[in-house]
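**Student:** sharing a model prediction with you, sequence too.
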There are 2 protein chains.
Amino acid sequence: MDLRHLKYFIAVAEELNIGRAALRLHISQPPLTRQIQQLEEELDVQLLIRTPRGVELTQAGEMFLEEARNIRSLVEQAIERTKRAGQGKLGRLDIGIFGTGILNTIPKLLQLFRDDHPDVRVVLHTMTKNEQIEALRQKRITVGFNRIMSPLPDITCELIMREPLFLAVHNSHPLSKNVSVSVKELSKHPLVLFPTGPRPNFVDRVLEICGHMGFIPEISQIVGDAVTGVALVAGGFGISVVPESVITFKPPGIVYLPFDDWLTGKVDLSCIYRKDDESPILKAFLIAVNKFREQHKG
Amino acid sequence: MDLRHLKYFIAVAEELNIGRAALRLHISQPPLTRQIQQLEEELDVQLLIRTPRGVELTQAGEMFLEEARNIRSLVEQAIERTKRAGQGKLGRLDIGIFGTGILNTIPKLLQLFRDDHPDVRVVLHTMTKNEQIEALRQKRITVGFNRIMSPLPDITCELIMREPLFLAVHNSHPLSKNVSVSVKELSKHPLVLFPTGPRPNFVDRVLEICGHMGFIPEISQIVGDAVTGVALVAGGFGISVVPESVITFKPPGIVYLPFDDWLTGKVDLSCIYRKDDESPILKAFLIAVNKFREQHKG
DNA sequence: ACCAATCAATACCTTTAAAGTATGAAAAAG
DNA sequence: CTTTTTCATACTTTAAAGGTATTGATTGGT
């Protein structure tokens, strides 16, 4: 049996006249007659009662008509859904995320993607950089977000934005009266840094920049994530350096200050994905990334 | 698109290897390759990723596989159901019934039919003889039950059984002491008969038999149905004549007596159906009728 | 580094089956 | 009683699915 048989039978059942159905199907009458006979023979069931004025359906015919319509609509739906999946409009996107990215940038970016692709289920997985790389290789995620990436042969790393850094101080701290600060201030106060976890990471980036300026800062604490770090600053454990994303998180007593002399003091946010991944959902996501960059290039 | 495409795609998706799938489908590899290409072209979607070790599914391919399996099982189910409908094993049977038939014979007969055809929905409609004929002509029912039928050109009438008649009397009545009675007794007591409604009917059958015996009975009441008639006998309104079916209905005080001299005093129960009806459900029902007659011919 | 093995893709031919044309048979309508 | 309508059959054409042989690409084992 063929989908053609179903189409033909539906036409005949709706017209109750083989000739008219043939007209509607843009074929001639004899092949239609034969296809229906074939169908009846294959099912070993009489579907039509031939009368001199046309045809009428048997009970089995009525039943088959109903089933045929079901099948037809399921087929149409299957085609539609598959096409949409092929355009990256339907399906699932697994994303690996990390600490500070989730505060500001990633939600904005995902919003942008979901506006265009409402039927793609986005599933977020919190994982470290190394876990992300492992998960990408096992195809457990399609995209990962990270800050500091060393190049890898099988993974593409694409810069999303370069964020300036800010100083986080408590408002009881003498620096909090300034509108901006110099990098050198970092050498004079104990620093709270983050995250823990595999190096190199944001801690190393900060140390690297301090090195460029010719000093090694005093590290008071290294904590798991930015939120904890800022909380410690609010508790008087020292000062901290954070990417711009974090300043939307502002607990009472915390002041964020830009650096005035630290023009190159920035940190990257990148997304990573398999070099060999050609899936339309990833393509669609990268289009959203580009759109995001356009909006934030100023 | 064709069901063949679905079958082929499922095979490929399950084997993840076009050559092996071709083997399983008992065709050679090149046509299978082409059919899959055709499918992808038609859907305008990449379903497979070709690797040197076989193929793997894209997300769209996964989606299409799921849909294809759904369609396949729906098709199988459609074929199955249609075949069963064609054998009269599935569908709906509308039956017209009348008063006394429902007390005994019809339930037994329907039981027999439903044992063999559990998935046929039997719908009963209480209607008079003329309503049954009208309903048959309009195909609102497939079978009717009746007692007295005049022959009709478009309707077949098939005898199911010939029931003996019984006398219904109250146990305070002098006749109730007998083990059997003579027909002539009917001339000596007021008769409760039934049903009302279009003639000729059971009333006329009783009068006809009395006529053969040379008398016209005194009719006390004609009531709508046998149950009412027997209830009136229980209330002392006279005696009544009922088909054997009715004697299963035995309210307190009622005694049923056979007639000893009335060997030909019987009444028919027949089923009627369209002469031009060739539906398998009717065929199946008539087989059940035959089985019933076999069981009750003694 | 090369050779054999594996697998999908392509080219070309054969076979199957669906569509078209012409016509027939049966029954209803005028 | 003829004309029309409608489905069925016989025969031909055409389209498409299947088969055979071969190529190209990649991997894995000497």
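**Tutor:** Here it is on my side, so go on.
**Student:** which residues does residue A:133 contact?
**Tutor:** A:144, A:152, A:155, A:272 (C-beta atoms under 8 Å, 6 or more residues apart in numbering or on different chains). Every C-beta, even on glycine, is put in place using the N, C-alpha and C of the backbone.
**Student:** which element is it on?
**Tutor:** helix A:129-137 (DSSP states H and E).
**Student:** break chain A into its domains for me.
**Tutor:** With domains defined by automatic domain parsing, chain A comprises A:3-86, A:91-159+A:268-296, A:162-266.
**Student:** could I get these as TSV with mean pLDDT?
**Tutor:** Putting those into TSV (pLDDT from 0 to 100) gives the following:
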stretch	mean pLDDT
domain A:3-86	95
domain A:91-159+A:268-296	91
domain A:162-266	89
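**Student:** out of the ones you listed, nearest to residue B:256?
**Tutor:** Go through the domains of chain A one by one with C-beta to C-beta and the one that ends up closest to residue B:256 is domain A:3-86, at 41.7 Å.
**Student:** which residues does the residue of the stretch 151-298 of chain A found nearest DNA strand D contact?
**Tutor:** DNA strand D sits closest to residue A:276 of the stretch 151-298 of chain A, with a gap of 10.4 Å, by C-beta to the nearest atom of the strand. Neighbour list for residue A:276: residue A:154 [criterion: C-beta under 8 Å, 6+ apart].
**Student:** for chain A, just list every one of the helices.
**Tutor:** A:3-15, A:18-25, A:29-43, A:59-86, A:105-116, A:129-137, A:202-212, A:226-234, A:280-296 (DSSP state H).
**Student:** need these in a markdown table with distance to DNA strand C, can you?
**Tutor:** Putting those into a markdown table (distance: least, C-beta to the nearest atom of the strand, whole Å) gives the following:
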| stretch | distance to DNA strand C |
| --- | --- |
| helix A:3-15 | 6 |
| helix A:18-25 | 7 |
| helix A:29-43 | 3 |
| helix A:59-86 | 16 |
| helix A:105-116 | 30 |
| helix A:129-137 | 23 |
| helix A:202-212 | 39 |
| helix A:226-234 | 48 |
| helix A:280-296 | 18 |
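**Student:** closest one to residue B:224 among the ones you listed?
**Tutor:** When these are compared by C-beta to C-beta, helix A:59-86 sits nearest residue B:224, at 34.3 Å.
**Student:** now the closest one: buried residues?
**Tutor:** Buried residues in helix A:59-86, defined by neighbour count with 16 or more other C-beta atoms under 10 Å in any protein chain shown: A:59-65, A:67-68, A:70-71, A:75, A:78-79, A:81-86.
**Student:** who are the packing partners of it?
**Tutor:** Contacts defined by 3 or more C-beta pairs under 8 Å, 6 or more residues apart in numbering or on different chains; DSSP states H and E place helix A:59-86 against helix A:3-15, helix B:29-43, helix B:59-86, strand B:91-97, helix B:280-295.
**Student:** next one: the residue located most distally from the centre of chain A from chain B, what distance?
**Tutor:** The centre of chain A is farthest from one residue, residue A:52, which by C-alpha atoms, centre = their mean lies 62.1 Å away. Note on residue A:52: its distance to chain B, by C-beta to the nearest C-beta, to the nearest Å, is 13 Å.
**Student:** which ones are touching whichever residue of the stretch 1-150 of chain A sits closest to DNA strand D?
**Tutor:** DNA strand D sits closest to residue A:30 of the stretch 1-150 of chain A, with a gap of 3.1 Å, by C-beta to the nearest atom of the strand. For residue A:30, no residue meets the contact criterion (C-beta under 8 Å, 6+ apart).
**Student:** how about residue A:93?
**Tutor:** Contacts of residue A:93 (C-beta under 8 Å, 6+ apart): A:113, A:120-123, A:142-143, A:281-282, A:285.
**Student:** could you list which of the residues you listed also contact chain B?
**Tutor:** Among the contacts of residue A:93, the ones lying near chain B by C-beta under 8 Å from any C-beta of the partner chain are residue A:281.
**Student:** buried among the contacts of residue A:93? Make that a ChimeraX selection.
**Tutor:** Selection command for ChimeraX covering only the buried members of the contacts of residue A:93, criterion 16+ other C-beta under 10 Å:
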select /A:113,120,142,143,281,282,285
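**Student:** so which of the contacts of residue A:93 comes closest to chain B?
**Tutor:** Here the nearest of the contacts of residue A:93 to chain B, counting by C-beta to the nearest C-beta, is residue A:281; it sits at 6.4 Å.
**Student:** quick check: closest non-adjacent residue to residue A:227.
**Tutor:** residue A:249 (6.3 Å; C-beta to C-beta, 6 or more residues apart in numbering or on different chains).
**Student:** for DNA strand C, what's the nearest residue on the stretch 101-250 of chain A?
**Tutor:** residue A:153 (18.9 Å).
**Student:** and residue A:188, how close does it get to residue A:166?
**Tutor:** 17 Å (C-beta to C-beta, to the nearest Å).
**Student:** looking at the two, which has the bigger crowd around it?
**Tutor:** Between residue A:188 and residue A:166, counted using other C-beta atoms under 10 Å in any protein chain shown, the more crowded position is residue A:166 (22 against 11).
**Student:** hey, what's that one bridged with?
**Tutor:** With DSSP bridges applied, residue A:166 shows beta-bridge pairing to residue A:242, residue A:258.
**Student:** surely it and residue A:246 touch.
**Tutor:** Yes: taking C-beta atoms under 8 Å as the definition, residue A:166 is a contact partner of residue A:246 at 7.4 Å.
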